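# Structure for this input, please:
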Amino acid sequence: MSAIDSVPLSIAPLVPGSSRTTSTSTPRVRNSAELPAGFRGTTSGETSKPTNTYNVLLSRVREAGLLKRRTGFYITVFVIVTACLAAAVTGSFLIGDSWFQLLIAAGIGLIFTQYAFLAHETAHRQVFASGALSDRIGRLLAVGAVGMSYSWWMSKHTKHHGNPNTIGRDTDIAFDTVSFLETDAVKQRGLMRWFTQRQGYAFFPILLFEGVNLHVSSYKTIFGKKKVDKRAYEITMISIRFAIYLGVIFYFLPLGMAFAFIGVQFAIFGLYMGSAFAPNHIGMPIIPENSRVDFLSKQVLTSRNVTGGRVMTLAMGGLDYQVEHHLFPNMARPNLRKARVLVREHCAEQKVPYTETSLWGAFGHVISYLNKVGLAARQPFDCPMAGEYRPR
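Next up is the predicted model:
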């Protein structure tokens, strides 16, 4: 059993296919929403031969010692983030009845996102080898610190890692206000059709509401009828967290300022979370539902890295190395940078396009792709030229 097989969120290549990808001599930046030219996937009715290219890469990574846990690193990060939270709370008490409290609220939104990154990495067993311990700590961070359901996120995120950007399998590309697929865009009517046509430009502004959306979605799960692991624990912890959080805010701040404080905190949390996750896969190739793609190609083709060095890694919680994270989900954050060198070399050998761009470049691709998808929401007899020159 490989190191990958032992991780719940690390979906090993159990059903690899014989797909091939092509690339230029320097497979660096590729941001097409379509599979590369020369790519050959297999449909569900066809047979395919497994490929061992991923196992070769895995062996190189293991020999380099890059699958070792970095528990000390994560404890240090947790202590620093918690110290920042304590400083923010202290600052809030010292500031008192002042609109400068909104700066504290913004800071707390950033801090909660850092806790979310730690919960994400703990769930991937990047911190502890024990699955039981990883779940306990991950759930405590997600529910107690961030205020979101760990069970809801685990179910959603596991599906994503197993089949990123795969139609019908990756819930991250399912319709939810924004249409990530043209088949969803054409279904929109009325005001939603108007919005979908412009969704690329509206994407980042609506991320200000993503914090509320994430919390509501997780609450629907834990209070719903479907089976939820540790339901009572999560409900109890979330209730205690919000009782303390809201109680302190409304006790010490005037009513209007208290609501503004909560609004800013949720807005910054949603924008930060969305901005960290959006560059990872939006605008990258979409895999048809019935295609079978080998594990290496599936994970690399659908993922995008963001350049920026250690500062970017700190800001994005290691998500800037999205390709490496998807290939080795249990790899600790500090090891991703070194793994990138091995992965790029291996992708060049196998002619698999490896996508890497700046943060602003990634944001540009996200906006462009979503607007392109949004064009499918036009009425069948809309004339593009008329739409450009004639106001609606």
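# how about the strands of the stretch 251-392 of the chain, start to end?
For the stretch 251-392 of the chain, the strands defined by DSSP state E, counting those that start in this stretch cover 305-306, 356-357.
# Kindly compare burial across these and name the winner.
For those, average neighbour numbers computed from mean count of other C-beta atoms under 10 Å are highest in strand 305-306, which has a mean of 25. (Each C-beta comes from the backbone N, C-alpha and C, glycine too.)
# about what we covered before: in CSV: the strands of the stretch 251-392 of the chain, plus mean pLDDT and distance to Met154.
Below are these laid out as CSV (pLDDT from 0 to 100; distance: least, C-beta to C-beta, whole Å):
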stretch, mean pLDDT, distance to Met154
strand 305-306, 97, 25
strand 356-357, 96, 29
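# can you list the ones you listed in a markdown table and add distance to Pro279?
Listed next are those as a markdown table, based on distance: least, C-beta to C-beta, whole Å:
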| stretch | distance to Pro279 |
| --- | --- |
| strand 305-306 | 5 |
| strand 356-357 | 8 |
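# out of these, nearest to Gln126?
Evaluated with C-beta to C-beta, these place strand 305-306 nearest to Gln126, the distance being 17.6 Å.
# and that closest one, what does it pack onto?
helix 322-327, strand 356-357 (3 or more C-beta pairs under 8 Å, 6 or more residues apart in numbering; DSSP states H and E).
# quick one, which of the ones you listed is packed in tightest?
Per stretch, and counting mean count of other C-beta under 10 Å, the top mean among the helices and strands packed on strand 305-306 goes to helix 322-327, which has a mean of 25.
# List of residues touching that helix?
54, 57, 161, 164, 279-281, 296, 299-300, 302-306, 318-319, 331, 336, 339-340, 343, 354-356 (C-beta atoms under 8 Å, 6 or more residues apart in numbering).
# Export it to CSV, keeping only CA atoms.
Extracted in CSV, the C-alpha atoms of helix 322-327 (Å, rounded to 0.1, in the frame of the first residue of the first chain):
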residue,chain,number,x,y,z
GLN,A,322,-2.4,22.8,-6.5
VAL,A,323,-0.8,20.3,-8.9
GLU,A,324,1.4,18.8,-6.3
HIS,A,325,-1.4,18.9,-3.7
HIS,A,326,-3.7,16.9,-5.9
LEU,A,327,-1.0,14.3,-6.8
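# Tell me which helix or strand Leu67 sits in.
Using DSSP states H and E, Leu67 falls within no helix or strand.
# pLDDT weak spots in the stretch 51-200 of the chain?
Filtered on pLDDT under 70, the stretch 51-200 of the chain yields the residue ranges 51-52.
# Which residue ranges of it form helices?
Taking DSSP state H, counting those that start in this stretch as the criterion, the stretch 51-200 of the chain carries its helices at 53-63, 71-95, 101-123, 131-139, 150-162, 182-185, 190-197, 199-206.
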